[in-house]
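# fold the following for me, if possible:
(chains A and B)
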Number of protein chains: 2
Amino acid sequence: MKSQQLLLKMRPNGLPDEQTFEFRHVEAENLEQGELLLKTLYISVDPYMRGRMSNQDSYVEPFQIGEPLAGGIVAQVMESRVDDFKSGDIVRGNLPFQEYNTVKADNVSKVNTHGLSPSTALGVLGMPGLTAYFGMMHIGEPKKGETVVVSAAAGAVGQIAGQLAKQTGARVVGIVGSKEKADYITEKLGFDAAVEYKAGNLEAQLQKTCPNGIDVYYENVGGEIGDAIWPHLNNFARVPVCGAISSYNLKEEEVDLGPRVQQFLIKSRVKMQGFLVGDFAKDYKEAYKVLAEGVSAGKLIFEETIHEGFETIPKAFNGLFTGENIGKQLVKITEAE
Amino acid sequence: MKSQQLLLKMRPNGLPDEQTFEFRHVEAENLEQGELLLKTLYISVDPYMRGRMSNQDSYVEPFQIGEPLAGGIVAQVMESRVDDFKSGDIVRGNLPFQEYNTVKADNVSKVNTHGLSPSTALGVLGMPGLTAYFGMMHIGEPKKGETVVVSAAAGAVGQIAGQLAKQTGARVVGIVGSKEKADYITEKLGFDAAVEYKAGNLEAQLQKTCPNGIDVYYENVGGEIGDAIWPHLNNFARVPVCGAISSYNLKEEEVDLGPRVQQFLIKSRVKMQGFLVGDFAKDYKEAYKVLAEGVSAGKLIFEETIHEGFETIPKAFNGLFTGENIGKQLVKITEAE
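As a prediction, this is how the structure comes out:
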């Protein structure tokens, strides 16, 4: 059986382009005992994958040239040689970007979609939801009456992080890149205010929307937005550092320079803390419970932007950096049976 | 009785110069009930005072033009109109820089010098010692076998911070500005290695002295030294941010730019935390006990660089930024009686 795959052809310098990726057709491998044949339903594209396309020291191994990209996938079991799995089961795993994967059962886990689309296992009930939860609740620790700012607030992580903060009784301000996203977070998600950074005068917008300063800044973007936040941090503010998407596509010759943070941290006694979702693995159960209950009760709203077809993966990936998506950016490969 | 005082004449732009300060003679005020007449013995000059000379938003009020500077002082009671104090007592307080001060008793506290010079109440058994203790032990939290780096390692805070880390079983590397200071921290204080940043090739020196990366970086200096540290931080490293002395004398038109930290913090899941010693006031007793016991047992070594005479205060203050002092920089005004 033929399976399309997406390879890394050449490491990008800046935003990936038509030189970066290559599609190829391969034969799906034969099943052995302990293995599953999976049909990919949804592929997750995430900003952190950009780091793996470079050959740099990071927290995950770089993708290898000529090898398939890999990432979050929701798939359906077509054939099982494992007792615990049967044909038709929906599973999730970190897998090569292929239409079909033959995997050891240890590499995937069954998905409870709570009656929702299986795509949610890559979004609100998956890595982005967990990332939002741990960064906000375990590092940000917002309190009633505090001001919380979330950047990339209409993105997969930001949309959940902001709503979780709101549920603590904090005032929540989202930073977004368009009027449409501003409307989404304030009208649909219940954020108290939005800052549209592309509309200019970020400083005046921050002063207007955060008149009492900022107690928690959930950092997803880095760059000039982070720079603008530091002077507004209140005493004992917390800054969970989840991402710095504005820096991921800098060219090799570009340096990511900004005002040094030390004096801001001292003056306001700020804690800035970088984290990866995997650091909280022992607490996943707690987080899944909160997220699933919130979604079931209609108290956690989320959007997905879904591209259709395996060949759209590069476009969907680049869209993360041009700001096209509202909520989780996904590629739908095929329907579940 | 005539008392000399040191005033702020003009806010400095860059390093203070002869335009910045003015000496004046005033009459010491008359004593009222509840007050003490104090004779200044030692004046502490500290880098944070530079911030108060500028008219900027900070954690302490700016000094006012035409008013005396103020800071840590050890003094002797000449006359007391308070039951709890008697003539001859040694006290400490945050007081105007004058030869004599008339103060309410609430503004000072009696000093237990543990048989040492009263000057130690401004150093190892004072604010710098406490600052070293809380930054290192409550935020840095070094563990046996970890690598700890301390910048300004031969300074008032650094010399203590490094020794406290060493006592936990960590490997301790100090960053200093001269061979003399390098010898001091390695030969006298027992640091495992020294980096002389003025000798050039900071990166190679860090690689050589920290082959296993850095688990705790006690930040006193900021600037290019901090920049050079970030790529060496290990997973789950801690960075107590105590000071950024390299930035304190930037001119108004100079911007303190460096590589943005977000990607380093994420990759290695680093916690950077600014602090002020006053945030730990409820735990001072614990810290004083450790410091006093360490000094008494000869396990906490310290130096003082002592200038003599009230008129040397400006020179002693500027010396903090030109790297002249080893250990605590002080001005001795007169002998205790």
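
# for chain A, which residue occupies the most central location?
Taking CA atoms, centre = their mean as the criterion, residue A:128 is the residue nearest the geometric centre of chain A, at 4.5 Å.

# avg pLDDT for whichever strand or helix holds that residue?
In the assignment (DSSP states H and E), residue A:128 maps to helix A:127-133. For helix A:127-133, mean pLDDT is 98.

# got the CA positions of that helix in PDB?
The C-alpha trace of helix A:127-133 is given here as PDB (Å, rounded to 0.1, in the frame of the first residue of the first chain):
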ATOM      1  CA  MET A 127      -0.300  19.100  23.900                       C
ATOM      2  CA  PRO A 128      -1.400  22.700  23.400                       C
ATOM      3  CA  GLY A 129      -4.100  22.400  26.100                       C
ATOM      4  CA  LEU A 130      -1.600  20.900  28.600                       C
ATOM      5  CA  THR A 131       1.000  23.600  27.700                       C
ATOM      6  CA  ALA A 132      -1.600  26.300  28.500                       C
ATOM      7  CA  TYR A 133      -2.600  24.600  31.700                       C
END
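
# after it comes which helix or strand?
Tracing the chain past helix A:127-133, the next element assigned as helix or strand by DSSP H and E is strand A:147-151.

# so what touches that next one?
In this structure, residues lying in contact with strand A:147-151 by CB atoms under 8 Å, 6 or more residues apart in numbering or on different chains are A:136, A:140, A:142, A:158, A:161-162, A:165, A:170-175, A:195, A:206, A:210, A:212-221, A:225-226, A:229, A:234. Just so you know, the C-beta spots here come from the backbone N, C-alpha and C atoms, and that holds for glycine as well.

# residue A:18 belongs to a helix, doesn't it?
No - if the criterion is DSSP: H, G, I helix; E, B strand; the rest coil, then residue A:18 is coil and not within a helix.

# need phi/psi at the residue of the stretch 101-250 of chain A found nearest chain B.
Going by CB to the nearest CB, chain B is nearest to residue A:244 of the stretch 101-250 of chain A, at 3.9 Å. Reported as degrees, to the nearest 10, the phi and psi values for residue A:244 are phi -150, psi 60.

# how about residues contacting stretch A:20-34?
With contact meaning CB under 8 Å, 6+ apart, stretch A:20-34 is reached by A:1-12, A:37, A:53, A:69, A:79, A:81-82, A:98, A:100-102, A:104-105, A:310-311, A:313-314.

# dump that stretch to CSV, keeping only the CA atoms.
As requested, C-alpha coordinates have been extracted for stretch A:20-34 and formatted as CSV (Å, rounded to 0.1, in the frame of the first residue of the first chain):
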residue,chain,number,x,y,z
THR,A,20,12.7,23.0,2.4
PHE,A,21,10.4,20.1,2.0
GLU,A,22,9.9,17.2,-0.4
PHE,A,23,6.9,14.8,-0.8
ARG,A,24,7.6,11.1,-1.5
HIS,A,25,5.6,7.9,-1.9
VAL,A,26,6.7,4.8,-0.1
GLU,A,27,5.3,1.4,0.6
ALA,A,28,3.7,1.0,4.0
GLU,A,29,5.7,-1.6,6.0
ASN,A,30,4.4,-5.0,6.8
LEU,A,31,3.0,-5.6,10.3
GLU,A,32,4.8,-7.6,12.9
GLN,A,33,3.6,-8.9,16.2
GLY,A,34,3.2,-6.0,18.7
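
# distance from that stretch to the middle of the chain?
Here the centre of mass of C-alpha atoms in stretch A:20-34, compared against the chain's by CA atoms, centre = their mean, to the nearest Å, lies 26 Å away.

# my guess is residue A:217 meets residue A:237, correct?
Yes - shown here, residue A:217 and residue A:237 form a contact pair, counting by CB atoms under 8 Å, at 6.9 Å.

# what's the local residue count around residue A:234?
Other residues near residue A:234 number 16, with proximity taken as other CB atoms under 10 Å in any protein chain shown.

# skipping adjacent residues, who's closest to the residue of the stretch 101-250 of chain A closest to chain B in space?
With CB to CB, 6 or more residues apart in numbering or on different chains as the measure, residue A:222 is the residue that lies nearest to residue A:244, at 2.9 Å, once sequence neighbours are left out.

# which residues does that neighbour contact?
Going by CB under 8 Å, 6+ apart, residue A:222 touches A:243-247, A:256, B:260, B:262-263.

# dihedrals phi and psi, it?
The phi and psi torsions at residue A:222 (degrees, to the nearest 10) take the values phi 70, psi -160.

# separation between residue A:23 and chain B?
Distance, residue A:23 to chain B, by CB to the nearest CB, to the nearest Å: 30 Å.

# can you list the residues of chain A near chain B?
Neighbours of chain B within chain A, by CB under 8 Å from any CB of the partner chain: A:57-59, A:219, A:222-223, A:226-227, A:241-244, A:247, A:255-276, A:279.

# in strands, which of these appear?
When those are checked against strands (DSSP state E), the matches are A:241, A:257-259, A:271-274.

# residues near residue A:44, how many?
As a burial measure, the neighbour count of residue A:44 was computed by other CB under 10 Å and equals 25.

# ok, the nearest residue to it once chain neighbours are set aside - contacts?
Nearest in space to residue A:44, with sequence neighbours left out and distances taken as CB to CB, 6+ apart, is residue A:72 at 3.5 Å. Going by CB under 8 Å, 6+ apart, residue A:72 touches A:43-44, A:46, A:92-94, A:122, A:126-127.
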